[in-house]
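Participant: Would you be able to build a 3D model of this:
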Amino acid sequence: MENPCVAVIGAGPAGLMAAEILSAQGLKVTVYDRMPSPGRKFLMAGRGGLNLTHSEDSESFVSRYGAAAPQLAPILAAFGPKALIAWAEGLGQKTFVGSSGRVFPKAMKASPLLRAWLIRLAAQGVELFTRHEWQGWDEDGRLQFGVQGTSVSVRADATILALGGASWPRLGSNGAWTSILKRHGIAITPLRPANCGFMLDWSEHFRSTFAGQPLKGIALSFAGRSVRAEAMVTTYGLEGGGIYALSAALRDAIAVHGSATLAIDLRPDLSLAEIAAKLAATKHGQSQSNILRKALHLAPVAVNLLREAHGVHLPKEPEALARCVKSVPLKVNAPAPIERAISTAGGIAFSELDENLMLRAIPGVFAAGEMLDWEAPTGGYLLTACFATGVAAAKGVIQSLARST
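Facilitator: Next up is the predicted model:
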């Protein structure tokens, strides 16, 4: 086969990385994306500081992928955090390790990295077609795209699907590919929100007064796991790093039981006895709000969260009030909509893929990134697996094309 043509559908990290690997081998590569420009969700991920990967040991790193760890372990061994850091620095983006072990580019943005990357891809001959919405295959097996109201057919010797999950659809990933692949008999685990916020039934006073305010210095607990992180009160419930860390367990519990109870410790640095002693030492005659503010330095949002959970009339006895502070039970009713989630769980079942990420039912078609059935917490794990599976799928294409020549 002379100069095979490879189509990559999806211009996010997985798709662009696949295009880089393929084009470096001299293959003709065309990337298609339904958005007007590439890497939109990648750019959004960098708005608060692009967390590329994590510096922890490889065994701990792989364990973050839960049930999908066995499938992802060899893929991450071939292209893991160290390889990703070297790749970024090869594009002129020096990195550093933050205090939490997370790895960031020194520029703290995605845009310089993406610009350098697109220049490299263009130099390697990669073509990029935007505003091309993938619609499946025609009767002759050619790829079909919707382009400004018309249908365009494309022949490809191999195809890599890297269409993402279903979070933040306005940035490109809308999950529409699931119905296409299901028609071809591909088993797909339903897409669900991951690293997401949760819905709570706030009182109107609490919602209108405190939405948009952070809960700082807290610990959140569920199902035997506790995390120290901030949370943000929203009109619909809670979101933020602490909530995201527990989101998979909360989501799955709600699916089984209809709701779940999250516990918040408003002063995790103090023991129950220390809190009770501080409360007992306050002067008589003060309001409870002032007592909690002065003795424990609780912000108004925290004081009112206590009342949301334990009732307007909190106990006056110091030890009983201390117990309330140490455990604020909040009933969460549902995950926030998938459109608001940072990422998604679910996707193409690994049983549908061979060891090179090729769809067994559709030879010559590979899949990478968030389309696959895995999920991971924030902290660099999401991006690393997207890059790594893009590399793996590209190598699978190269092997497949080599066998057919």
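
Participant: Point out where the stretch 201-350 of the chain drops to low pLDDT.
Facilitator: Judged against pLDDT under 70, the stretch 201-350 of the chain has no low-scoring part.

Participant: Pull up the pairing partners for the helix or strand hosting V29, direction included.
Facilitator: Using DSSP states H and E, V29 sits in strand 28-32. Strand 28-32 pairs in its sheet with strand 5-9 (parallel), strand 127-129 (parallel), by DSSP bridges.

Participant: Can you list the neighbours in contact with the shortest one?
Facilitator: Read it as strand 127-129. The contact list for strand 127-129, computed with C-beta atoms under 8 Å, 6 or more residues apart in numbering, reads 11, 29-33, 38, 118, 121. C-beta coordinates here come from the backbone N, C-alpha and C atoms, glycine included.

Participant: please redo it, this time with the cut-off set to 10 Å
Facilitator: Contact with strand 127-129 is made by 7-8, 11, 16, 19, 23, 28-33, 37-38, 118, 121-122, 145, 147, 152, 154, as judged by C-beta atoms under 10 Å, 6 or more residues apart in numbering.

Participant: circling back: just give me how far the strand holding V29 sits from the chain centre.
Facilitator: From the chain centre to the centre of strand 28-32 is a distance of 26 Å (C-alpha atoms, centre = their mean, to the nearest Å).

Participant: send the alpha carbons of the next helix or strand after it over as PDB?
Facilitator: Downstream of strand 28-32, the next assigned helix or strand under DSSP H and E is helix 40-45. Provided in PDB are the C-alpha atoms of helix 40-45 (Å, rounded to 0.1, in the frame of the first residue of the first chain):
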ATOM      1  CA  ARG A  40     -11.100  23.800  22.500                       C
ATOM      2  CA  LYS A  41     -11.600  21.700  25.700                       C
ATOM      3  CA  PHE A  42      -7.800  21.400  26.000                       C
ATOM      4  CA  LEU A  43      -7.600  25.200  26.100                       C
ATOM      5  CA  MET A  44     -10.400  25.400  28.600                       C
ATOM      6  CA  ALA A  45      -8.500  22.900  30.800                       C
END
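
Participant: in stretch 29-37, what's buried?
Facilitator: The neighbour-count criterion (16 or more other C-beta atoms under 10 Å) identifies 29-35 as the buried residues of stretch 29-37.

Participant: Okay, now that stretch: how far is its last residue from its first?
Facilitator: Distance across stretch 29-37, first residue to last, is 17 Å (C-alpha to C-alpha, to the nearest Å).

Participant: swap in stretch 264-273?
Facilitator: Using C-alpha to C-alpha, one end of stretch 264-273 lies 17 Å from the other.

Participant: how far out from the middle of the chain is that stretch?
Facilitator: From the chain centre to the centre of stretch 264-273 is a distance of 30 Å (C-alpha atoms, centre = their mean).

Participant: dump the residue contacts of L305.
Facilitator: Applying C-beta under 10 Å, 6+ apart to L305 gives the contacts 202, 206, 210, 213, 215, 218, 231, 233, 238, 264, 266, 298-299, 328, 330.

Participant: Now, of those, which are buried?
Facilitator: 202, 206, 210, 213, 215, 218, 231, 233, 238, 264, 266, 298-299, 328, 330.

Participant: Dihedrals phi and psi, E317?
Facilitator: Phi and psi for E317, reported as degrees, to the nearest 10, are phi -70, psi 130.

Participant: Count the neighbours of it for me.
Facilitator: 11 (other C-beta atoms under 10 Å).

Participant: from memory it sits against Q288, does it?
Facilitator: No. E317 is beyond contact range of Q288, at 11.7 Å (criterion: C-beta atoms under 10 Å).

Participant: That's all I had, so thanks and see you.
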